[in-house]
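K.L.:
fold the following.
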Amino acid sequence: MKELILAETSLWFSQIPLESLHTLDPSLGGVFYVISTICHYLGGSSFFLGLISFLYIYYRPKLAFQIALGLLTSGILGYLSKFYFESPRPFPYPEVFDEKAFGLPSGHVYTTTVVWGMLAYYIPILWLRIVSIFIILIMPFSRMYLKVHYLGDVSLGFGLGILHLIILLTLLNQFYVPKDKVFIETKQYRTLSLLGIVITLLPITLDSPFLSEEHHYTLVGMIMSSGALGGFWLGILFYPRLSKKEFLNWSMPNLSFQFGSNSFGTFWKTFLVRLLVLGTIIVLLYVVPGILIKKSIWKDDLFLRYIRYLVVGFALVCIVPLTLQKIQKGKFLQN
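P.N.:
Coordinates of the predicted model:
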């Protein structure tokens, strides 16, 4: 009740800023709606899964871990904040975008600020930095334009995202500096693995048969993030134990546009083989289980959802490169 009163009396949780963004609709001809819809998917879990997979397999494994850490920790803290604040979304609810969790803070704005901020920081390419800044700045307006968040939701999400980004970059620069060190090689990997599972499983203790629909879907988002984080953690610890030393880091062959040359063939063969292995494992361990679970009586089981994201996180980090090592003696994973 107090949230409803606040929404009616405060500009931060009012329909006024949302409606004001639609005053230019007749002249813009739906352009901002298209931009807002694109931003909706650019801040979604499917896009970020693809982005991290691409960075890990094709660009720099270490950067993929850094981005994944930013994405998943901001996801967990964002959903935890939603669970605590219990702030409703704008009404009537635009069901087309399937946003059923609480609204404060905006998860899209929070995670987008962290992830695209890290991309702009770590990749010194001018056009990418311009795109990253544009996405970060436009995301709050797009969420209000689609009427899935209030001004207060996106403002808090943006503030938390900036704070999270600064703290995370500071910690990474201090403790994860060596360029040649990607994975964690330690004899205590079993203990650390168990500790990681215990910590990432903690959100499931918030589950209760008396939760509202908004509480349930907020907790679902938290479990997805924590499960994926646990899977990444296990992969980082176990991959060095299972891999050959020469495959603890990799990159792509130099890109050549000279059709018919050896370098041209090597690049595209490597690209396609890695894509085939990555796509196959994601389909088998993420897409297919998701379809089967939705058709089962366990579709709302939070522990099963945690396991699903734990497995896909571990598979991406560990099983994909191990599989590539078995193909022609690791030819397509070599630097």
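
K.L.:
could you point out which element follows the host helix or strand of Gly227?
P.N.:
With elements taken from DSSP states H and E, the one containing Gly227 is helix 213-242. Per DSSP H and E, the first helix or strand lying C-terminal to helix 213-242 is helix 262-282.

K.L.:
after the helix or strand hosting Phe65, which helix or strand is next? Please name it.
P.N.:
Using DSSP H and E, Phe65 sits within helix 61-85. Where DSSP H and E defines the elements, the next helix or strand beyond helix 61-85 is helix 107-122.

K.L.:
what about that following helix, average pLDDT?
P.N.:
Per-residue pLDDT over helix 107-122 has a mean of 92.

K.L.:
what is it packed up against?
P.N.:
Packing partners of helix 107-122 (3 or more CB pairs under 8 Å, 6 or more residues apart in numbering; DSSP states H and E): helix 31-42, helix 45-54, helix 61-85, helix 126-145, helix 151-175. For the C-beta atoms, the positions are set from N, CA and C on the backbone; glycine is no exception.

K.L.:
which parts of that helix are buried?
P.N.:
By neighbour count with 16 or more other CB atoms under 10 Å, helix 107-122 contains the buried residues 107-120.

K.L.:
repeat for stretch 75-90
P.N.:
For stretch 75-90, burial by neighbour count (16+ other CB under 10 Å) applies to 75-83, 85, 87-90.

K.L.:
now do that stretch, average pLDDT.
P.N.:
Mean pLDDT, stretch 75-90: 86.

K.L.:
ok, and what's touching it?
P.N.:
Stretch 75-90 is contacted by residues 3-4, 7, 13, 15, 18, 99, 101-105, 107, 110-111, 147-150, 152-153, 156-157, 160, 164, 203, 206, 214-215, 218-219, 221-222, 224-226, 229 when judged by CB atoms under 8 Å, 6 or more residues apart in numbering.

K.L.:
are any of those residues buried, and which?
P.N.:
7, 13, 18, 99, 101-105, 107, 110-111, 147-150, 152-153, 156-157, 160, 164, 203, 214-215, 218-219, 221-222, 224-226, 229.
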